[in-house]
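# this is a predicted model, with the sequence first.
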Amino acid sequence: MRIGFFIKEAFRALRRSAAPSLAATLTVLLTAVVLGVFIPIVQATTGTANEVRGRVVVDAFVSAKATDADIEELRQALIATPNVEAVEFISKEEALAREKQRSPDAYDLLGGNPLPDAFRLTPTDPDGVPQLVTQLSGPEAAPDAPTERVRGGGPGAADDRVLAGPLGFIEEVRNREEETEKILSATALVKLLMAGLAALLVFASVALVANTIRLSIFARRREVEVMRLVGATNWFIRWPFVIEGVVVGFLGGALAVGLLLLAKEAFVEPLSERFALLAAPETIDFGLLVALLMLACIAVSAAGSGLTLRRFLRV
Amino acid sequence: MAATRTRAPALETRPRVERKRDVPLAELRGVTKIYDGGAVGLDRAHIAIDRGEFVFLVGPTGCGKSTALRLLLKEIEPSEGEVLISGHDLAKIKRRKVPYLRRNMGVIFQDYKLLPNRTIYANVAYSLEVIGETRSSIRRKVPEILRLVGLSTKLHSYPDELSGGEQQRVSIARAFVNHPPLLLADEPTGNLDPDTSIGIMQLIYRINRTGTTVVVATHDREMVDKMRRRVVELESGRVVRDQRSGLYRPEDSKRDFGARLRGELDAYKTKR
């Protein structure tokens, strides 16, 4: 009976103060729409940034003296190295074929194949590439961290080998330093910017919704005062307001989801068939987005109502 | 007066307050209240009100009448001294339990304090809903009390459709519908014309006759003089007079009035 009473009270209040309730609903609706549009955009952007980061690779050229067995051993060693996600072996023949494709004339002039065998390493964490390069080049390289270095070495000159074991067959490590650095700093900036914008937007939305609700409750503070005087407990007063907040949040959220669905069907779907960018694989699932938005709307407006009341409930 | 027959006015507080015959129902013991701004509400006031009494609190504006009532409601806390209801120190009642304390008190205000967006019926019903009465008992009690205050034809009007006197009757109905042992009235006739005031006072008096203790803060001089009940006079927070069946002001000749009008307050004071 109590719950029924609270719900009845909440709906009565909504009906009786229609204008503030409508304002609160509209606020929720608008912020939810903005968030609903912005979240996939943020995700697509960071997704693209991550994809670009995925292009950072490290090439490890193998000494010409290494035998097939040595190369196999080296592959195992590289796979076992931390921060190495994938190892791809590019034989000299393959490398030559690739280069020839790029500039056929230049390579036609060459009689033999000057290219060494190589391993192309994809790092797990692009930010850890400098360390990876140092590790593969040997401790000697550490101080000034040159990313390209040539070492005299190999199995024949065992004493010169900086690194013991199969890693010693690496003759040279390259990671196209400039490119990597540019990619890393640019994508980091984009990600940071997006995160900042998203945080700002979420904060603004919460503040806006909470404030609208505050105003509508403030208009009824005398009512709350009377309720207290006739001996209503705080929760007895609060429940109808919280339910009211839930209803407002639900209505605003549902309308926003409806608009978003409409926009998705009308604009994004036809476009995404033509532009690969819009179909970025990492954007949020629409169902999940809807659920999140609804939950956020309801939670924020209900909490807003409940918390605002606290001020008037001090005995 | 069968309609006003009440259940025994027991203090049904959830923090079980047992009835004690020999302690005053409401008592201020050396209470001082200084507001945050430094204004003095009460100054070492002693007032003890017995069960079933009818007490007028009189005095000029700002003398502490409302402060005393608000202290009894535990709306504010005393700066010093103790406020007791049935011998229980209000300072020891937890904030969470305050609503249960208030259910034992009916309150009437000068500005009625009705809920503007509810009908008369709903306004009175609210104070029963608050204490968790069943719907059937609400349906029975609300029309009954509204008939008692003479508003049985206006059940579904809204407060702003009623006259001041009628609104005050609603607020009395709301205050008394669950038969609290204590009724506090803050200037109940302050906004009303003399004839309407008599009607309101009559209602309050009838409530008192059923055994309810009534405290009325007022400066309705005519009413106090005619009713001849106990009068507690306050002046700048101090109790300056406590008379069994007193007047609003003991003897106030034209000469005294003239003296006060001319600002010779000292002359007036020393006379007493």
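Right, received. Where do you want to start? Numbering: from 1, shown residues only, chains lettered A, B, ... in the order given.

# only C-alpha atoms from now on, for both contacts and neighbour counts.
Noted.

# tell me how chain B divides into domains.
B:24-104+B:181-272, B:113-179 (automatic domain parsing).

# average pLDDT across the first one?
Computed over domain B:24-104+B:181-272, the mean pLDDT rounds to 87.

# wait, does that domain contact chain A?
Yes: Domain B:24-104+B:181-272 is in contact with chain A by Cα under 8 Å from any Cα of the partner chain, via B:74, B:75, B:76, B:95, B:96, B:98, B:99, B:100, B:101, B:102, B:103.

# need those in a markdown table (columns: secondary structure and distance to residue A:25).
Shown next, in a markdown table, are the residues of domain B:24-104+B:181-272 next to chain A (DSSP: H, G, I helix; E, B strand; the rest coil; distance: Cα to Cα, whole Å):
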| residue | secondary structure | distance to residue A:25 |
| --- | --- | --- |
| B:74 | coil | 37 |
| B:75 | coil | 35 |
| B:76 | coil | 37 |
| B:95 | helix | 34 |
| B:96 | helix | 33 |
| B:98 | helix | 34 |
| B:99 | helix | 32 |
| B:100 | helix | 35 |
| B:101 | helix | 38 |
| B:102 | helix | 36 |
| B:103 | coil | 36 |
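
# ranking these by neighbours, who comes first?
residue B:103 (28 neighbours; other Cα atoms under 10 Å in any protein chain shown).

# my guess is residue A:239 meets residue A:5, correct?
No: taking contacts as Cα atoms under 8 Å, residue A:239 lies outside contact range of residue A:5: 9.9 Å.

# can you show me the strands along the stretch 101-250 of chain A?
Ranges of strands within the stretch 101-250 of chain A are A:118-123, A:170-174, based on DSSP state E, counting those that start in this stretch.

# kindly report the same for the stretch 51-200 of chain B.
B:54-58, B:80-85, B:88-89, B:105-109, B:182-186.

# which residues does residue 117 contact?
If you meant another chain, say so; for now it's chain A. By Cα atoms under 8 Å, 6 or more residues apart in numbering or on different chains, residue A:117 lies in contact with A:61, A:62, A:63, A:64, A:89, A:90, A:91, A:92, A:95.

# correction: the question concerned chain B.
A:16, B:158, B:159.

# name the nearest residue to the residue of the stretch 51-200 of chain B found nearest chain A, sequence neighbours excluded.
Closest contact between the stretch 51-200 of chain B and chain A, by Cα to the nearest Cα, is at residue B:99 (4.1 Å). Excluding the flanking residues, the one nearest residue B:99 by Cα to Cα, 6 or more residues apart in numbering or on different chains is residue A:231, at 4.1 Å.

# how about residue B:71?
Computed as Cα to Cα, 6+ apart, the closest residue to residue B:71 that is not its neighbour in sequence is residue B:77, at 6.3 Å.

# what do you get for residue A:118?
Distances taken as Cα to Cα, 6+ apart place residue A:61 nearest to residue A:118, at 4.3 Å, with adjacent residues excluded.

# in the chain, which residue is most central in space?
Picked chain A for this. Centroid-nearest residue in chain A, with Cα atoms, centre = their mean: residue A:46, separated by 5.1 Å.

# that answer is for a different chain, and I need it for chain B
Mean-position check on chain B, Cα atoms, centre = their mean. Result residue B:184 at 1.8 Å.

# please name the residues that touch that residue.
By Cα under 8 Å, 6+ apart, the neighbours of residue B:184 are B:69, B:105, B:106, B:107, B:108, B:214, B:215, B:216.
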